[in-house]
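Peer 1: missing the sequence, but the structure's below:
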């Protein structure tokens, strides 16, 4: 594909020859002749001068380069779109595999593709253009919108609701029982029935082996455009706001509410019944123990504001030096006495 064709497809401004032939995409350090790559992180700016790539995607204000360049406001997004020009995911033909088990009362829309050993229970409704790959199980009473994609071994439990353009990666579990138990007077744990559904709004993606639990009462809701990474956990009765990201191994205890456009980085977590505002960023391995106002960046466990955490870490790294100074001062005082 010619570079000028890529520029047009990405709506990017071309600098240099548009006749360069591009055969694929690659990271800036792995790129070879014929590849297009990108720079969005300043950390990799020096590599832009030494890369073997035939073309780069950069921000509007990036310094001029000796190789042909595509300039755009969002290089990372443009690179993601460039990948789509060269890689097309598998397409699954409509049809129902003979080993699939579908209850007569279930209703599937037009162009459904249902793989081997899929099980769809009674009173299920699924919209048009769904792709349900092998070993997926859809429990009774589920409602799913159009353009649903469920990879192998995903599960949607009873009475859950799933919107349009939702993707479930392998092993994602939607609506498993929340972790609810009450201790009786003998000390035994009594299971609390988890009666409320999990609800995924449009354009949600839940990645491999992540879990969105059903609620004891009420609902668990993942709002429009939210993305949940591998091995993440959304506890029962929680709400995740629009376009919020829960990165790998993040965890929300029950009844947590996270606002719109928030980010929980890898292994970040919250205790139950927290209210976390719009745009909050919780950095990796941090633990939220209470409410957080909108726009804050939180770090540490228990989490505090990131700037304070950075100052604290700087002091923590100096503790041996400070302790030695205190000991020396005390020793001198004893001698003086």
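Peer 2: Good, I have the coordinates. Since the model is a prediction, treat every value here as computed from it, not as a measurement. Numbering: from 1, shown residues only.
Peer 1: contacts for stretch 70-82, please.
Peer 2: By Cβ atoms under 8 Å, 6 or more residues apart in numbering, the surrounding residues in contact with stretch 70-82 are 3, 6-7, 9-15, 25, 36-40, 55-60, 62. C-betas here are computed from N, CA, C, even on glycine.
Peer 1: just the buried residues of those.
Peer 2: Buried by 16 or more other Cβ atoms under 10 Å: 3, 6-7, 10, 12, 14-15, 25, 36-40, 55-59, 62, out of those.
Peer 1: narrow the residues you listed to those in helices?
Peer 2: Counting by DSSP state H, the members of the buried ones among the contacts of stretch 70-82 that fall within helices are 3, 6, 7, 10.
Peer 1: for the residue nearest to residue 196 when sequence neighbours are not counted, grab the count of nearby residues.
Peer 2: For residue 196, ignoring the flanking residues on the chain, the nearest one in space by Cβ to Cβ, 6 or more residues apart in numbering is residue 215 at 3.3 Å. A count of nearby residues for residue 215, using other Cβ atoms under 10 Å, gives 24.
Peer 1: residue 215: what's it in contact with?
Peer 2: Residues in contact with residue 215 (Cβ under 8 Å, 6+ apart) are 178, 194, 195, 196, 197, 198, 236, 237.
Peer 1: now, of those, which are buried?
Peer 2: Among the contacts of residue 215, those that count as buried by neighbour count (16+ other Cβ under 10 Å) are 178, 194, 196, 197, 198, 236, 237.
Peer 1: and which of these is nearest residue 108?
Peer 2: The shortest distance between residue 108 and any of the buried ones among the contacts of residue 215, using Cβ to Cβ, involves residue 197 and amounts to 20.1 Å.
Peer 1: so what touches the longest helix belonging to the chain?
Peer 2: Counting by DSSP H, the longest helix found in the chain is helix 319-336. The set of residues that contact helix 319-336 without belonging to it, under Cβ under 8 Å, 6+ apart, is residue 315.
Peer 1: just stretch 240-247 next, same as before
Peer 2: With Cβ under 8 Å, 6+ apart as the contact definition, stretch 240-247 has outside contacts at 221-229, 232, 234, 252, 257-266, 268, 278, 284.
Peer 1: cool, stretch 264-271 as well?
Peer 2: Contacts made with stretch 264-271 from outside it, assessed by Cβ under 8 Å, 6+ apart, are listed as 229, 244-253, 256, 258, 276, 281-290.
Peer 1: now the terminal residues of it, how far apart.
Peer 2: In terms of Cα to Cα, to the nearest Å, the two terminal residues of stretch 264-271 are separated by 13 Å.
Peer 1: what about it, distance to the chain center?
Peer 2: On the basis of Cα atoms, centre = their mean, to the nearest Å, stretch 264-271 is displaced by 12 Å from the centre of the chain it belongs to.
Peer 1: next: stretch 135-155.
Peer 2: From the chain centre to the centre of stretch 135-155 is a distance of 19 Å (Cα atoms, centre = their mean).
Peer 1: and stretch 255-267, by the same measure?
Peer 2: When C-alpha coordinates are averaged (Cα atoms, centre = their mean), stretch 255-267 and its chain have centres 10 Å apart.
Peer 1: neighbours of the closest residue to residue 181 other than its chain neighbours, how many?
Peer 2: Once its chain neighbours are removed from consideration, residue 181 has its nearest residue in residue 189; the separation is 4.2 Å (Cβ to Cβ, 6+ apart). The criterion is other Cβ under 10 Å. On that basis, residue 189 has 10 neighbouring residues.
Peer 1: contact partners for residue 189?
Peer 2: The contact partners of residue 189, by Cβ under 8 Å, 6+ apart, come to 181, 182, 183.
Peer 1: any idea how far it is from residue 237?
Peer 2: Between residue 189 and residue 237 the distance is 19 Å, computed by Cβ to Cβ, to the nearest Å.
Peer 1: ok, now residue 66?
Peer 2: Here the criterion is Cβ to Cβ. By it, residue 66 lies 57 Å from residue 237.
Peer 1: and residue 200, bridged to which residues?
Peer 2: Per DSSP bridges, the residues bridged to residue 200 are residue 162, residue 222.
Peer 1: residues contacting it?
Peer 2: Under the criterion of Cβ under 8 Å, 6+ apart, the contact partners of residue 200 comprise 160, 161, 162, 163, 166, 174, 206, 212, 222.
Peer 1: now do residue 202
Peer 2: Contacts of residue 202 were listed using Cβ under 8 Å, 6+ apart, and they are 145, 163, 164, 165, 166, 224, 225.
Peer 1: repeat that for residue 83.
Peer 2: Contacts were defined as Cβ under 8 Å, 6+ apart; by that measure residue 83 touches residue 25.
Peer 1: that one: what secondary structure?
Peer 2: When the structure is reduced to helix, strand and coil (DSSP: H, G, I helix; E, B strand; the rest coil), residue 83 reads as helix.
Peer 1: what does the pLDDT read for it?
Peer 2: In the predicted model, residue 83 carries a pLDDT score of 96.
Peer 1: just the helices in the protein please.
Peer 2: With DSSP H as the definition, the chain shows helices at residue ranges 3-10, 47-50, 75-86, 306-317, 319-336.
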